[in-house]
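Asks: Predicted model, plus sequence, below.
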Amino acid sequence: MSLFTARRFRNALASTLLLLLAPVSDAAQSDDVARQVLVLQSMDRGSLVFDGITANFRASLQSRAGTRVTLLDFVVAPAGLNEAPEQPVINFLQSLYADRNPPDLIVTMGGPAAAFTRTHRQRLFPQTPVLFGAVEERFLRDAALKENETSVAVSIDYTKLIDDILALLPATRNVFMVTGSGPLSAFWRAELERNFKRYDNRLTFTWTDDLSYDQLLERAVALPPRSVIFYITAGTFATGSWQGEGRTLADLSTRSNAPIFGAQGAWLGSGIVGGHLLDVEDLGTTMADVVVRIINGESPADIKIQPRSLGAATFDARQLRRANISEARLPPGSDIRFRPPSLWRDYREETLGLLGALSLQALLIIGLLYQRRARQRAEVESRQSLALAADANRRVTMSALAGSIAHELSQPLNSILHNSQAGKMLVASNRATPDTLRDILSDIHAADVRATQIVERHRLMLKARQVDEKPIDIQSVVRETLALMSHDTNARQIKLDVTLPTDPCVVTGDQVLLQQVLVNLLMNAIEAMANTPAASRRIALQCEVRQNDAVISVRDSGTGLPATVDGQLFEPFVTTKTSGMGIGLTIARSIAEAHRGTLDARNNPDGGATFTLTLPRSEARSTSAGRVESP
């Protein structure tokens, strides 16, 4: 036995002696007999696959066993040794159990341990049940399982993995087979060369069983184009050196110029690209369940476990990018791991929901903007229509005030006529003195100014116009309105009670339009008292100044508002007059609203009706005149 072999054998002995005192379960009392399970390992520590299976097996057995179980681990043939130390192992096991009962169960891990047990079990423990665990079923095909044997095996279709490689990289021509050296390598080379014969005309397979570890890495660095590396197993190499799987895969991944493929899911993330991999993550749990069934009395022959086969396609996103393999070439439903974070991939539903919400919000904003524009256009059109209607209403109103116009103008015109005649008579009789003529001319000038003011006032009422918003004193609006209506109120024997504030009350608005509202209200009040006795015809016009508003009310003693127009008084074409158009009050309210005010009406408890115009106050010094569109 070589020095290397002897050293590993001594390490295995030391490991075994330590594990003799390591019970798996302490659940039972100290007087319970512990069940002895001899675990024969194919490889020393350093195998990503078998280290994971063993750890899972021990943890699962500890949690599932109902009695104390003591595990004895022993490495029977470190993988790939050129000179397997079979006889020293046999001698050690025989001496170990010379003074004690044989183990209650033998569990093997991997193919070499299974082959060792089948060869030597008659010399060692012929009656002990055996569980061949984590073994490729090729190692068991030479002989059927005996009555006291069962297996938790795996079945790897390596041709399917080659087909995966060709599907991803169809231009592949060279496959660099990493198998290590020794008996295990020879087994897999002979096995796979038979399986791979159907690729003879397409692929060239290069075997590495005659290479040292350094030579392996040198060859991996300089592989020809269109090559891949197929990792089967490793451990020892041609020089007898030992290397763990983790470092071997890491060195190959770092130095090689070709992508690496393999069959074990435990290698994903350590350098292989991926494919249909063997997932053995729960293989140790399955083995623990079988052990519990056997130590509880179940016959191994009655326990049938279907061999584990290749699972779903699983890939390392980092290695895909390194090998320049598009994800579009992967089998449908592939599991891609080690991707960098991606908002769209990792949170697709949330992203779609957010985009949908943003789109809906954008559509809502667009809709609101469209509605706002349409509303603004409608408001402009409404104001233009209101301006036309207000103009028509003013002309109708002025037609009704024709008598008032004639009466108002007759006074200054008669004054001018009489003063001019008096002046002529004085001149003709030589009695005209400078002072007398100066007084006559002053009277004529005053009468002319008054006539001009009367004409201008009515001209403004008749003129089509835009709203001219500027600070105005509401008292001047009331006075001008009363001047326009003085003839009609006198002619119809109506007594006016006017109450105005002592201080100016400034609002922002158009004086002519507000004047039109008051004229309309006064004319309605006059017409409402047509059948009222002359002694009872009274209109009370009151202007009240509040903190934020100016309130103008027009109260009459007429017949009041009929119930038939309740709630509809300000709607278009609703009127209580036989000759009315039904738009006067509609226009009046629209003018009030255009001035950010209100116009309301109610019946008085003692008869008649009261119309109330409310306008917001503004300080003249903080309001500048401006031109705005017609309401």
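Replies: It's in.
Asks: What distance do you get for Gln547 to Asp473?
Replies: Look at Gln547 and Asp473: by Cβ to Cβ, to the nearest Å, they are 18 Å apart. Placement of C-beta: from N, CA and C, glycine included.
Asks: Same drill for these two, tell me which one is more crowded.
Replies: Asp473 (17 against 5; other Cβ atoms under 10 Å).
Asks: My understanding was that that one contacts Leu500; is that so?
Replies: No - counting by Cβ atoms under 8 Å, Asp473 sits too far from Leu500 to count as a contact (10.1 Å).
Asks: Need the phi and psi values for the residue nearest the centre of the chain.
Replies: In the chain, the C-alpha nearest the mean C-alpha coordinate belongs to Leu354, at 2.4 Å (Cα atoms, centre = their mean). Comment: the main-chain dihedrals of Leu354 come out as phi -70, psi -40, following degrees, to the nearest 10.
Asks: Renumber starting at 44 from here on
Replies: In the new count, where the first residue is 44, that last one comes out as Leu397.
Asks: Quick check: can you list the domain ranges of this protein?
Replies: By the record's domain assignment, the chain is partitioned as 46-198, 201-320+354-383, 444-506, 509-674 (automatic domain parsing).
Asks: So which of the ones you listed is nearest Ile338?
Replies: Proximity to Ile338 (Cβ to Cβ) singles out domain 46-198 among the domains of the chain, at 4.9 Å.
Asks: quick one, helices of the stretch 344-493 of the chain?
Replies: For the stretch 344-493 of the chain, the helices defined by DSSP state H, counting those that start in this stretch cover 360-365, 386-389, 391-443, 445-471, 477-505.
Asks: mind pulling up the phi and psi values for the closest residue to Ser661 other than its chain neighbours?
Replies: Nearest non-adjacent residue to Ser661, counting by Cβ to Cβ, 6 or more residues apart in numbering: Thr551, 4.4 Å away. Reported as degrees, to the nearest 10, the phi and psi values for Thr551 are phi -100, psi 120.
Asks: what do you get for the one 5 residues further on?
Replies: Taking degrees, to the nearest 10, you get phi -70, psi -40 for the backbone angles of Leu556.
Asks: which non-adjacent residue is nearest it?
Replies: In space, Leu556 is closest to Ile634, 4.9 Å off (Cβ to Cβ, 6+ apart).
Asks: Can you check my assumption that the one you found lies in a helix?
Replies: Yes - membership of Ile634 in a helix is supported by DSSP: H, G, I helix; E, B strand; the rest coil.
Asks: Wait, it touches Val562, no?
Replies: No - Ile634 is not in contact with Val562 according to Cβ under 8 Å; the separation is 11.4 Å.
Asks: which stretches of the stretch 244-393 of the chain form strands?
Replies: 247-250, 270-274, 303-305, 317-319, 351-352, 356-359, 378-380 (DSSP state E, counting those that start in this stretch).
Asks: Any buried residues in the second one, and which?
Replies: Applying a neighbour-count criterion of 16 or more other Cβ atoms under 10 Å, the buried positions in strand 270-274 are 270-274.
Asks: of those residues, closest to Gln79?
Replies: The shortest distance between Gln79 and any of those, using Cβ to Cβ, involves Tyr274 and amounts to 36.4 Å.
Asks: Looks like the closest one contacts Ser313 (just checking).
Replies: No - the pair Tyr274 and Ser313 does not pass the contact test of Cβ under 8 Å, sitting 9.6 Å apart.
Asks: hey, what's in contact with both of those two?
Replies: With contacts taken as Cβ atoms under 8 Å, 6 or more residues apart in numbering, Tyr274 and Ser313 have Leu292 as neighbours in common.
Asks: all helices for the stretch 194-343 of the chain, in order.
Replies: 201-211, 226-238, 256-264, 288-298, 326-338.
Asks: of all these, which lies closest to Arg143?
Replies: Among the helices of the stretch 194-343 of the chain, the nearest to Arg143 by Cβ to Cβ is helix 326-338 (17.1 Å).
Asks: packing partners for the closest one?
Replies: Secondary-structure packing of helix 326-338 (3 or more Cβ pairs under 8 Å, 6 or more residues apart in numbering; DSSP states H and E): strand 78-84, helix 91-107, strand 148-152, strand 173-179, strand 192-198.
Asks: what sits up against the fourth one?
Replies: The reference is to strand 173-179. Surrounding strand 173-179, the residues in contact under the criterion Cβ under 8 Å, 6+ apart are 92-93, 96, 100, 148-154, 156-157, 160, 164, 182-183, 188, 191-199, 323, 326-327, 330, 333-334, 337, 343.
Asks: Can you list the buried residues in it?
Replies: Here strand 173-179 shows 173-179 as buried, counting by 16+ other Cβ under 10 Å.
Asks: Strand partners (parallel or antiparallel) of that strand?
Replies: Sheet pairing for strand 173-179, assigned by DSSP bridges, gives strand 148-152 (parallel), strand 192-198 (parallel).
Asks: Output it in PDB with nothing but the alpha carbons.
Replies: Below are the C-alpha coordinates for strand 173-179, written out as PDB (Å, rounded to 0.1, in the frame of the first residue of the first chain):
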ATOM      1  CA  VAL A 173     -27.700  -3.700   3.600                       C
ATOM      2  CA  LEU A 174     -29.000  -0.400   2.200                       C
ATOM      3  CA  PHE A 175     -27.200   0.600  -1.000                       C
ATOM      4  CA  GLY A 176     -27.600   4.400  -0.800                       C
ATOM      5  CA  ALA A 177     -26.800   7.100  -3.200                       C
ATOM      6  CA  VAL A 178     -25.500   4.600  -5.700                       C
ATOM      7  CA  GLU A 179     -25.700   4.800  -9.500                       C
END
